[in-house]
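*Asks:* Pasting the sequence and the predicted model now:
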Amino acid sequence: MKEITRRQSLIKIAAAATCSMFLLAGCSGNTDGGDAGSIEGTKINVNLAAGGWTNTVEKLLPEFESKTGVKVSLNVLGTEQLDNQYQVKLNSRSEDLDVMVYRPSQSTKLFADNGWLEDISDRVSGDEAWKWTDFSESSRAATTVDAHAFGVPLMTERDIIFYNKEMFAAKGIAIPKTMDELEAVAKALTDTTSGTYGVVMRGKANAAVTSFSSFLYSFGADWITKDGDSGIGTAEAAAAYQYYGDLVRNYGPPGATSLDGTEARGIFQQGKAAMYIDADSGAGLIEDATQSSVAGKVGYAAFPAGPAGAKPYDVTSWAAGVSAYSKNKDASWEFIKWATSSEVLNAAMSDQSSPSPRISSWADSAVTANYPEELVKIFSTYSSTAVGHDRPQVIQVNKARDIVGAPITVALEGGDVTAAAKQASNSFTEFLKTDK
Amino acid sequence: MIDVINSAAQKPSVGVAQVIRRTSPRKRLLGWIRAVAIIVVTLVMVFPLFWMLLASFKQNVDITNPDVFFFAPTVQNYINVLFANNFLRYGFNSLVIAAAATLIALIIGLPAAYAVSKYKMKSVSGFILLARVIPGISLLIPWYYIFAQIGLVGSFRALIITHIFVSLPLIVAIMSSFFEGMSTELEEAGQIDGLTVAGTFLRITLRLAIPGVATSAILSFIFSWNNFLFALILSGKNTTTLPAALYQFISYLGVDWGGLMAASVVITVPVMIVTIFLQKYIVAGLTAGATKG
């Protein structure tokens, strides 16, 4: 009898605890902020990812604070930690996020769909001097959903070939312009006895989706067709998977299926690979002599043409938006306006090699003086041919990447690519039905 | 060896030398196997730490180099970590949170554990331990919500409270079985001499239980010191702890391995020192707890 009462009391305690939690959760009472008055003295929290543009903002921040009187707290995090934090804080409608730096290709749909980002369409078009139209058209498209702007681009990326000039010169080899030439060059520069390889690229399925995407487009396919169906079941897509897998398996370092972007670049930085095909934003690290033994010996070339022409990705990797739950929206917008001004974005590009989304940055010789000249040329040629996304444009991007990345692993291991692509396409079709 | 001598002593009919000759090759072989096993396990355990230490003195270009031992050492990583990245501040935050959470958890947990062991409330102890079974992430969202409502997000208080939530059950679980294993005679003697129950606990039981207290305090401290998840969500700019700050070295474009490893050394060393220091204390506590005539 005593035992029973004790257990009952435990259950009661547990029940009471659960109830109080729900009660607390119930009294949310969210009032929409937005003070119309002066922003001086306002404190804002800015969450952002480590590296690149962030370093420049950290350095120049006192200038903004003294000019506006806004007190800015920068919370610098790793990319995945940033995502986790947004998930937790935005799910509980937290007011302590003001400015959110995020990855448009990964999050725009999700954030816009959940109403987490403030619609800043009026604000971006309202300031002539700041000039929204100076941002490249594709970068503006990346942060816009149904003609509503949700963020301002901070950094762009293009898929290019990094090549080791010394290795190319030693064998008198020319830069590949087509997929066939790329394969021939990779073959000629692979020397397994000395441990040097023709090409290194991402191979870890989820991570490789972005570097594979340019191949997919250049072979004449896309992740999703114009009608909204899976696009990876086509013969063109299978040919792209096959080509990517063969190239990396035959002329890349062993263990490719475990390489993500950082590791693949590491192999190129050690001078173990003649070519590295990935985003041009990595140039800063490759040219840094404390990080890379090939600094100063690297050339840059445009992505080669496939059966459907050269269609590399040209994406906006980072953007800044205002949290819909922020109580300091005016101050947050002032911060974003300052942090995406020509001055700050130009400084980020010349000091941190962070490719600017502003067209004017690329035309300014003071900015590009510190930037590889070949990359500036590539920027101008890409604007007409490139594709504005490097992964499926869906809400649950990570899940989609797992699905469409699976055939890459099969191709790298030399398996039946056509069957794997068919199977992935079926799963992707199912996925697209639920991703709404 | 003692076994050999004992068995020899028990069987006087067999010569001592004979016994040693018959059993020692096997024993010696076992000894060798044990020594090799210890060395292998130690190497496997220590190598990552060793690599971490080496890498913290390298430039990034040398870290990815397969040549592990030959490089031009640099202390730049430590300079970056301690001065540019403000790690001293993060260390201070970690220390405040870990020490406060451990201390408060001990103050609440020790009497609780005593009560659990003396009044046979095992099921309560089990129920409290549930808090450690629940994955931290599932607690975080409600916690975050509650702390946000009462304006505690980013404060030391929020982090200390959450750490207590996990440390307390650990301390109660360890200490209740520790108290249970202690003899009741001294307590009874104390009570005969006029001490109250609380008095017996404070003046006698607690002092005899110091080795147990030290053990549970170390475990609680290490948990707090290493905790990343709670700090990620609940800490603010001024209360960031060391494990959360580590992620500043992992940027979108690449990992600053040198800085990351130097920071890891900075995080690991204090815990090692605390553990070594308190371990001595445990040994001292064991002998101090012996009953004297």
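*Replies:* Everything's here; your move.

*Asks:* What strand or helix carries residue A:277?
*Replies:* For residue A:277, the enclosing helix or strand under DSSP states H and E is strand A:273-279.

*Asks:* Which neighbouring elements make contact with that strand?
*Replies:* With contacts taken as 3 or more C-beta pairs under 8 Å, 6 or more residues apart in numbering or on different chains; DSSP states H and E, strand A:273-279 sits against strand A:152-164, helix A:179-188, strand A:197-200, helix A:205-218, helix A:261-269. Yep, even glycine has a C-beta here, placed from its N, CA and C like the rest.

*Asks:* Only C-alpha atoms, please: export the shortest one in CSV.
*Replies:* Spelled out, that is strand A:197-200. Extracted C-alpha coordinates of strand A:197-200, given in CSV (Å, rounded to 0.1, in the frame of the first residue of the first chain):
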residue,chain,number,x,y,z
TYR,A,197,46.7,12.7,-59.0
GLY,A,198,45.1,14.4,-61.9
VAL,A,199,42.1,15.8,-60.1
VAL,A,200,40.6,16.0,-56.6
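
*Asks:* Listing partners with orientation, what would you give for that strand?
*Replies:* According to DSSP bridges, strand A:197-200 has the following sheet partners: strand A:273-279 (parallel).

*Asks:* Residue A:357 against residue A:157, yeah?
*Replies:* No. Checked against C-beta atoms under 8 Å, the pair residue A:357 and residue A:157 is beyond contact range at 10.1 Å.

*Asks:* contacting residues for residue 153?
*Replies:* If you meant another chain, say so; for now it's chain A. A:104, A:135-136, A:139-140, A:142-143, A:316, A:318-319, A:340, A:357 (C-beta atoms under 8 Å, 6 or more residues apart in numbering or on different chains).

*Asks:* I was thinking of chain B, sorry if that wasn't clear
*Replies:* A:94, A:96, B:144, B:147, B:234, B:236.

*Asks:* what about 6 Å?
*Replies:* Listed by C-beta atoms under 6 Å, 6 or more residues apart in numbering or on different chains, the contact set of residue B:153 reads A:96, B:147.

*Asks:* Name the SS class of it, please.
*Replies:* Assigned with DSSP: H, G, I helix; E, B strand; the rest coil, residue B:153 falls in the coil class.

*Asks:* And residue A:320, by the same measure?
*Replies:* Taken by three-state DSSP, the conformation at residue A:320 corresponds to strand.

*Asks:* Distance check, it against residue A:286.
*Replies:* 26 Å (C-beta to C-beta, to the nearest Å).

*Asks:* Likewise for residue A:196?
*Replies:* Taken as C-beta to C-beta, the span from residue A:196 to residue A:286 is 17 Å.

*Asks:* Compare neighbour counts for these two and give me the winner.
*Replies:* For residue A:196 versus residue A:286, neighbours defined as other C-beta atoms under 10 Å in any protein chain shown are more numerous around residue A:286 (24 against 17).

*Asks:* residues in contact with that one?
*Replies:* So residue A:286 contacts A:292, A:298 (C-beta under 6 Å, 6+ apart).

*Asks:* So which bits of chain B are right by chain A?
*Replies:* B:59-61, B:64, B:127, B:141-142, B:144-146, B:148, B:153, B:232-233, B:237, B:247-248, B:250-255 (C-beta under 6 Å from any C-beta of the partner chain).

*Asks:* Show me how chain A divides into domains.
*Replies:* Here the domain parsing of chain A from automatic domain parsing is A:43-156+A:315-385, A:158-314+A:393-434.

*Asks:* Including mean pLDDT, could those domains go into a markdown table?
*Replies:* Converted to a markdown table, the domains of chain A look like this (pLDDT from 0 to 100):
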| stretch | mean pLDDT |
| --- | --- |
| domain A:43-156+A:315-385 | 91 |
| domain A:158-314+A:393-434 | 93 |
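
*Asks:* quick one: buried residues of stretch B:135-146?
*Replies:* B:136, B:139-141, B:143-146 (16 or more other C-beta atoms under 10 Å in any protein chain shown).

*Asks:* Is it correct that residue A:368 is in contact with residue A:375?
*Replies:* No. Between residue A:368 and residue A:375 there is no contact under C-beta atoms under 6 Å: 8.6 Å.

*Asks:* and residue A:237, how many neighbours?
*Replies:* Neighbours around residue A:237, by other C-beta under 10 Å: 27.

*Asks:* What strand or helix carries it?
*Replies:* Element membership of residue A:237 [criterion: DSSP H and E] is helix A:235-251.

*Asks:* From the contact counts, what lies against that helix?
*Replies:* helix A:205-218, helix A:397-412, helix A:417-434 (3 or more C-beta pairs under 6 Å, 6 or more residues apart in numbering or on different chains; DSSP states H and E).

*Asks:* on that earlier part again, which one of the contacts of residue A:153 is nearest residue B:264?
*Replies:* Here the nearest of those to residue B:264, counting by C-beta to C-beta, is residue A:318; it sits at 27.0 Å.

*Asks:* Identify the bridge partners of that closest one.
*Replies:* Counting by DSSP bridges, the residues bridging with residue A:318 are residue A:155.

*Asks:* Next one: it relative to residue A:343, how far apart?
*Replies:* For residue A:318, the distance to residue A:343 equals 18 Å [C-beta to C-beta].

*Asks:* Closest to the centroid, which residue in the chain?
*Replies:* Picking chain A for this. residue A:317 (3.6 Å; C-alpha atoms, centre = their mean).

*Asks:* wrong one, I was asking about chain B
*Replies:* The C-alpha lying nearest the average C-alpha coordinate of chain B belongs to residue B:219 (C-alpha atoms, centre = their mean; 3.5 Å).
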